[in-house]
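In: Here's my sequence, what's the structure:
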Amino acid sequence: MRFVFSPPAEAAADLLTLPWDVPLAQWTDDRLVEIPQHGRSRHVVRFVAEAGRVFALKELPERPARREYEVLRRLHELGIPAVEVVGAVVDRPGDQQAVLVTRFLDYSSSFLALFANPRGAHLIDRVMNAQVELLVRLHLAGIVWGDCSLANTLFRFDAGTLAAYLVDAETGEVHERLTQSQRDHDTDVAYARVVSELTALRESGSLAEDVDPALAAADLVARYEQLWAQLTSEEVVSREEQQLRVAGRIRRLQDLGFDVGEVELVEDPAGGSRLRLTTRVAEPGDCRRALFSRTGLDVQEKQARRLLADIVSYRAALEQVAGGPVSETAAAIRWLNESYQPTIAAVPAHLRSRLDAAEIFHEVLEHRWFLSEAAGRDVGMQAAVRDYVDRVLPAVSGDLVTPPPPQRRPGARAPLSDSS
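Out: Predicted structure coming up:
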């Protein structure tokens, strides 16, 4: 039996004592935890809580396990949203299948949970946009998904939007650059899978009646082609406007969350120059890193952008009261202690797992704005928190997202996960 761990290997060191010589379906280890399934799986999947972290263990043949391990490592290196791979266990006794180990994605939601919840009634556009952005990022990085579907994706709320994370990379392939036929294959698969998934949702009554599965899937492909064209198309620019047009194009791509790796201007026989931009996936986390360095909060990128904007507003208010400048560091610390932490602390314990803390704070800020607009004055943070806790958060289903499960008590037994 061999263990292959991604660096840093100490993240999985405590997993070595699990009963790897026994088939996953037969495990009775006290560290097993029960987590609502994110849809269906072709494989046996179990969840283990260890050292304050939760891991997903999937049993599958060795070859696809190794391929998925390598693809997920590559995605992590590129900063593409995907579950974090921890390692793989191969050469298990008795010709048993390999086990792929990944980190559990806290506060994630399957498309089934999204559409089964009242909040999901108007999420179809955001789901499709998130799915399209994920697929484009993969293709720009030279990665074929091979099985693009909503079932193989998890979604996380990110300041009112949705961020899509790739979960299943068994059929993934890494190339230097994708051909048109490779991209077409992925979009063809995506169309067929999404039609099937949305049709099943409609038959179960979880999809709005005015959503046509075939039209929605076709719209997903159309959105993909539109975004791909925005990122990769060439345009002819005159000499007089080269600088302005190049700067404008780069800014538009950055607004979409992508970086420009290379700018090439080629003389065009018809006059002017042909502008070619080499687009790449942006280095993720500028706002996340800035927020973390100032406050110690580790949140998602759009959440971080929203919280940083609130810190700026908070700093301006402090300076007005102080009658002079307040340092960025001092403002961030005071915001954390006087605004963010009291807001989260005001949420009753039984409601805190409905959404992650940063998303709750974002929603309180939005709620404050709506209340203030209706009242014609700023109602203040405390009033907004009270009203949000009383009227908004209780309506969020406890099944919408899956928070980190609590650690199991020694001696407790967990039921087996579903498998198919």
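
In: The stretch 251-400 of the chain: helices as residue ranges?
Out: 286-295, 301-322, 328-335, 341-345, 357-375, 381-387 (DSSP state H, counting those that start in this stretch).

In: ok, and what's touching the host helix or strand of R156?
Out: Assigned by DSSP states H and E, R156 belongs to strand 153-158. By CB atoms under 8 Å, 6 or more residues apart in numbering, the surrounding residues in contact with strand 153-158 are 38, 83, 105, 107-111, 114, 127, 130-131, 134, 162-167, 300-303, 355-356, 359, 401. All C-beta spots, glycine's among them, are computed from the backbone N, C-alpha and C.

In: between it and helix 357-375, how big is the angle?
Out: Computed by axes from the mean of the first three to the mean of the last three CA atoms, to 10 degrees, the angle separating strand 153-158 from helix 357-375 equals 50 degrees.

In: what's next to the helix or strand that strand 153-158 is followed by, contact-wise?
Out: Where DSSP H and E defines the elements, the next helix or strand beyond strand 153-158 is strand 161-166. Strand 161-166 is contacted by residues 75, 80-83, 105, 108, 123, 126-127, 129-131, 133-134, 138, 145, 152-157, 300-302 when judged by CB under 8 Å, 6+ apart.

In: in its sheet, what does the helix or strand following strand 161-166 sit against?
Out: Under the assignment DSSP H and E, the closest C-terminal helix or strand after strand 161-166 is strand 173-174. Under the criterion DSSP bridges, strand 173-174 sits next to strand 143-144 (antiparallel) in its sheet.

In: Any chance you could list what contacts the partner strand?
Out: The contact list for strand 143-144, computed with CB under 8 Å, 6+ apart, reads 71, 74-75, 80, 138, 171-175, 178, 182, 185-186.

In: Write the ChimeraX selection for whichever of the residues you listed are buried.
Out: Only the buried entries of the contacts of strand 143-144 go into this ChimeraX selection, using 16 or more other CB atoms under 10 Å:
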select :71,74,75,80,138,171,172,174,178,182,185,186
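
In: Residue ranges of each domain in this structure, please.
Out: Following automatic domain parsing, the chain resolves into domains at 2-103, 111-232, 235-281, 291-395.

In: Over the last one, what's the mean pLDDT, rounded is fine.
Out: If you average the pLDDT over domain 291-395, you get 93.

In: With stretch 17-24 instead?
Out: On average, the pLDDT along stretch 17-24 is 91.

In: Now do the end-to-end distance for that stretch.
Out: 14 Å (CA to CA, to the nearest Å).

In: ditto for stretch 229-249
Out: Length of stretch 229-249, first residue to last, CA to CA: 12 Å.

In: likewise stretch 33-53?
Out: Terminal residues of stretch 33-53 lie 11 Å apart, using CA to CA.

In: Now find how far off-centre that stretch is within its chain.
Out: 18 Å (CA atoms, centre = their mean, to the nearest Å).

In: Which residue, other than its chain neighbours, is closest to D91?
Out: R2 (4.9 Å; CB to CB, 6 or more residues apart in numbering).

In: What ranges does the chain have for its strands?
Out: For the chain, the strands defined by DSSP state E occupy 2-5, 32-33, 45-50, 53-60, 85-90, 98-103, 143-144, 153-158, 161-166, 173-174, 235-237, 258-267, 273-281.

In: just to revisit the earlier point, give me the beta-bridge partners of the residue nearest to D91?
Out: Applying DSSP bridges, one finds that R2 bridges with V90.

In: do you know how far it is from A218?
Out: R2 sits 46 Å away from A218, going by CB to CB, to the nearest Å.

In: Please apply the same query to A384.
Out: Counting by CB to CB, the gap from A384 to A218 is 41 Å.

In: Which parts of the stretch 101-250 of the chain are helices?
Out: Along the stretch 101-250 of the chain, counting by DSSP H, counting those that start in this stretch, helices occupy 111-116, 124-140, 180-204, 213-232, 242-255.

In: wait, what's in contact with V132?
Out: By CB under 8 Å, 6+ apart, the residues touching V132 are L220, R223, Y224, L227.

In: The residue lying closest to the third one once chain neighbours are set aside and A164, how far apart?
Out: If you skip the residues right next to it in sequence, Y224 has V132 as its closest partner in space, 4.9 Å away by CB to CB, 6+ apart. When distances are taken as CB to CB, V132 and A164 turn out to be 9 Å apart.

In: cool, Y340 as well?
Out: Counting by CB to CB, the gap from Y340 to A164 is 27 Å.

In: higher neighbour count, these two?
Out: Ranked by neighbour count (other CB atoms under 10 Å), Y340 and A164 place A164 first, with 24 against 21.

In: What score does that one have for pLDDT?
Out: Taking A164 on its own, its pLDDT is 95.

In: Next one: it from F292, what distance?
Out: Distance, A164 to F292, using CB to CB: 23 Å.

In: how about the helices of the stretch 251-400 of the chain in a markdown table, adding distance to R249?
Out: Formatted as a markdown table, the helices of the stretch 251-400 of the chain follow (distance: least, CB to CB, whole Å):
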| stretch | distance to R249 |
| --- | --- |
| helix 286-295 | 20 |
| helix 301-322 | 22 |
| helix 328-335 | 32 |
| helix 341-345 | 40 |
| helix 357-375 | 31 |
| helix 381-387 | 40 |
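
In: Relative to L393, which of these is closest?
Out: Minimum separation from L393 across the helices of the stretch 251-400 of the chain (CB to CB) falls at helix 357-375, 7.1 Å.

In: Please export the C-alpha coordinates of the closest one as PDB.
Out: Taking Å, rounded to 0.1, in the frame of the first residue of the first chain, the C-alpha atoms of helix 357-375 are listed here in PDB:
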ATOM      1  CA  ALA A 357     -19.700  34.700   8.300                       C
ATOM      2  CA  ALA A 358     -18.400  36.900   5.500                       C
ATOM      3  CA  GLU A 359     -21.500  36.300   3.400                       C
ATOM      4  CA  ILE A 360     -23.700  37.100   6.400                       C
ATOM      5  CA  PHE A 361     -21.800  40.400   6.900                       C
ATOM      6  CA  HIS A 362     -22.200  41.200   3.200                       C
ATOM      7  CA  GLU A 363     -26.000  40.500   3.300                       C
ATOM      8  CA  VAL A 364     -26.300  42.700   6.400                       C
ATOM      9  CA  LEU A 365     -24.600  45.600   4.500                       C
ATOM     10  CA  GLU A 366     -27.100  45.100   1.600                       C
ATOM     11  CA  HIS A 367     -30.000  44.900   4.100                       C
ATOM     12  CA  ARG A 368     -28.800  48.100   5.700                       C
ATOM     13  CA  TRP A 369     -28.800  49.800   2.400                       C
ATOM     14  CA  PHE A 370     -32.400  48.700   1.500                       C
ATOM     15  CA  LEU A 371     -33.700  49.700   4.900                       C
ATOM     16  CA  SER A 372     -32.000  53.100   4.700                       C
ATOM     17  CA  GLU A 373     -33.500  53.700   1.200                       C
ATOM     18  CA  ALA A 374     -36.900  52.900   2.500                       C
ATOM     19  CA  ALA A 375     -36.500  55.000   5.600                       C
END
